[in-house]
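Asker: below are the sequence and a predicted model; questions follow.
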Amino acid sequence: MTLIHAFEFLPKPPESYPDVVGVFGNDAALRCWVMQAISAAGDVTEFDGDTAKWSDLRDDLATASLFDMGDKRTIVIRGADKFLSNHRSEIEKYVAKPGGASRFVLELDSLASNTRVYKSINKEFLLVACGNAADSKIGVTAATRRKFLTGYVAKRHETKLGKEAADALVEMLGEETGMLDTEIAKLALYKDVGEAIDETLVRDVVEGWQGKTVWQITDAIAAGDAAEAIKQLDKLMSGGQKPIALLPQIAWSLRRLGMATAVVQHREREGRSWQLEDALASAGINRPSDIQRAKSQLKGLGRARAKELLGWLLDADLRLKGTHSAEGRDRFLMEQLVMKLAKS
């Protein structure tokens, strides 16, 4: 067996599974769907990884199923990160030579590729990666995510999803599959069964009050009104929006302003004349109303802040997916970013 990403696994799960399966990654929805597929049939016993001890499941791993003729019993450790940390040596020994009476499934938030457990499972059994960040090495690209959304997720809700609509959803909501799935389910209600959700519907419906609030944040940032920007940010987060999902929405328009500024700087370095409308068009800002709004925002930002936009947004994105991914730290980072962006 080998390593496979959930985007590839879920549309066509294997008919049978090896004696050891590792399911890992930061996307809770993908992990949930993969675990449902693995546990769909057969005799399944689950343990809580925060409280389970190796002695609790040692006998279960050695006991064959009494209910499924010809299939193995499946022993699942949910949230197995702490369990793996506490019983690493026992798990390494078992994975190196599993008993064969039962199937052993570990569900984890993360699993480092340089560990013995990862290497052993990857070599002999099955690993299913459930991360949502772009990583071509494990099969997460804009193209594979788009195909997964337009195929597997859309079919879950008996609808069709256009490619541009899928891209717009990711652009506005971020990469968390559970949130994307929820929004596609809502959008499907606006269409008859089998009708396609297009980009226009996505932008009209998904933006709603949330989109208006995001625009209020970006307008306040451009105007240097940090207090108003923080007020509107708090409104969204108090309404249940997570920083990891909010950043792409706030960054979408600001990134385009940063790209337009970069075009202007590039042409100036080459000694070429430039028109702001051309630079905005290069950044994807074409509609007259959007052009006027972008001009106003760039004027409010000023060149000094505008030229820093791309770097600041990239740094925040990396931190939210790394050092500041924990609850509390993620909110602090978003507030810090808004304060920095809105500083006049």
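Answerer: Cool, the structure landed.

Asker: quick one, domains of this structure?
Answerer: Listed domain ranges for the chain are 3-138, 142-197, 207-342 (source: automatic domain parsing).

Asker: dump these to JSON lines, plus mean pLDDT and mean neighbour count.
Answerer: The C-beta positions use only the backbone N, C-alpha and C, and glycine is treated the same way. Listed next are the domains of the chain as JSON lines, based on pLDDT from 0 to 100; neighbours: other CB atoms under 10 Å:
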{"stretch": "domain 3-138", "mean pLDDT": "88", "mean neighbour count": "17"}
{"stretch": "domain 142-197", "mean pLDDT": "89", "mean neighbour count": "18"}
{"stretch": "domain 207-342", "mean pLDDT": "83", "mean neighbour count": "17"}
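
Asker: I'd like the next helix or strand past the longest helix seen in the chain.
Answerer: As assigned by DSSP state H, the longest helix anywhere in the chain is helix 243-269. Moving toward the C-terminus from helix 243-269, the first helix or strand encountered (DSSP states H and E) is helix 276-282.

Asker: contacts for the next helix or strand after that following helix?
Answerer: Using DSSP H and E, the helix or strand that follows helix 276-282 in sequence is helix 288-306. For helix 288-306, contacts defined as CB atoms under 8 Å, 6 or more residues apart in numbering pick out 218-219, 221-224, 253, 256-258, 260-261, 276-277, 280, 285, 309, 341, 343-344.

Asker: still on that earlier bit, okay, the angle between the longest helix of the chain and helix 288-306?
Answerer: Put simply, helix 243-269 runs at 80 degrees to helix 288-306, going by axes from the mean of the first three to the mean of the last three CA atoms, to 10 degrees.

Asker: helices and strands around helix 243-269, which ones?
Answerer: Counting contacts by 3 or more CB pairs under 8 Å, 6 or more residues apart in numbering; DSSP states H and E, helix 243-269 packs against helix 163-173, helix 199-223, helix 226-238, helix 276-282, helix 288-306, helix 309-320, helix 329-342.

Asker: and if we set it to 6 Å?
Answerer: helix 163-173, helix 199-223, helix 276-282, helix 309-320, helix 329-342 (3 or more CB pairs under 6 Å, 6 or more residues apart in numbering; DSSP states H and E).

Asker: restricting to C-alpha, output the first one in CSV.
Answerer: Only the C-alpha atoms of helix 163-173 are listed here, as CSV (Å, rounded to 0.1, in the frame of the first residue of the first chain):
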residue,chain,number,x,y,z
LYS,A,163,-15.2,25.3,-11.7
GLU,A,164,-15.3,29.1,-11.3
ALA,A,165,-17.8,28.7,-8.5
ALA,A,166,-15.5,26.3,-6.7
ASP,A,167,-12.6,28.7,-7.0
ALA,A,168,-14.7,31.5,-5.7
LEU,A,169,-15.7,29.5,-2.7
VAL,A,170,-12.1,28.8,-1.8
GLU,A,171,-11.2,32.4,-2.5
MET,A,172,-13.8,33.7,-0.1
LEU,A,173,-13.9,31.0,2.6
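
Asker: what's the first helix or strand after that helix?
Answerer: Going down the chain from helix 163-173, the next helix or strand is helix 177-188, by DSSP H and E.

Asker: show me what contacts W54?
Answerer: 87, 90 (CB atoms under 6 Å, 6 or more residues apart in numbering).

Asker: just D19 next, same as before
Answerer: Contacts of D19 (CB under 6 Å, 6+ apart): 98, 103.

Asker: tell me how far stretch 201-208 lies from the chain's centre.
Answerer: Counting by CA atoms, centre = their mean, to the nearest Å, stretch 201-208 is centred 20 Å from the centre of its parent chain.

Asker: and the contacts of that stretch?
Answerer: Here stretch 201-208 makes contact (CB under 6 Å, 6+ apart) with 165, 168-169, 172, 183, 187.

Asker: quick one on the thing from earlier: now the helices and strands packed on helix 243-269 in CSV, with distance to L149?
Answerer: Shown next, in CSV, are those (distance: least, CB to CB, whole Å):
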stretch, distance to L149
helix 163-173, 4
helix 199-223, 11
helix 276-282, 28
helix 309-320, 20
helix 329-342, 24
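
Asker: closest one to K12 among the ones you listed?
Answerer: helix 163-173 (19.5 Å; CB to CB).

Asker: can you give the distance of the closest one from its chain's centre?
Answerer: Using CA atoms, centre = their mean, the offset of helix 163-173 from its chain centre is 13 Å.

Asker: and that helix with helix 199-223, angle?
Answerer: Going by the same axes, to 10 degrees, helix 163-173 makes 30 degrees with helix 199-223.

Asker: and helix 163-173, what does it pack onto?
Answerer: Using 3+ CB pairs under 6 Å, 6+ apart: helix 163-173 touches helix 177-188, helix 199-223, helix 243-269.

Asker: 8 Å - rerun?
Answerer: Secondary-structure packing of helix 163-173 (3+ CB pairs under 8 Å, 6+ apart): helix 142-148, helix 177-188, helix 199-223, helix 243-269.

Asker: contacts for it, please.
Answerer: Helix 163-173 has contacts (CB under 8 Å, 6+ apart) with 142, 145-146, 149-150, 179-180, 183-184, 196-199, 201-203, 206-207, 211, 245, 248-249, 252.
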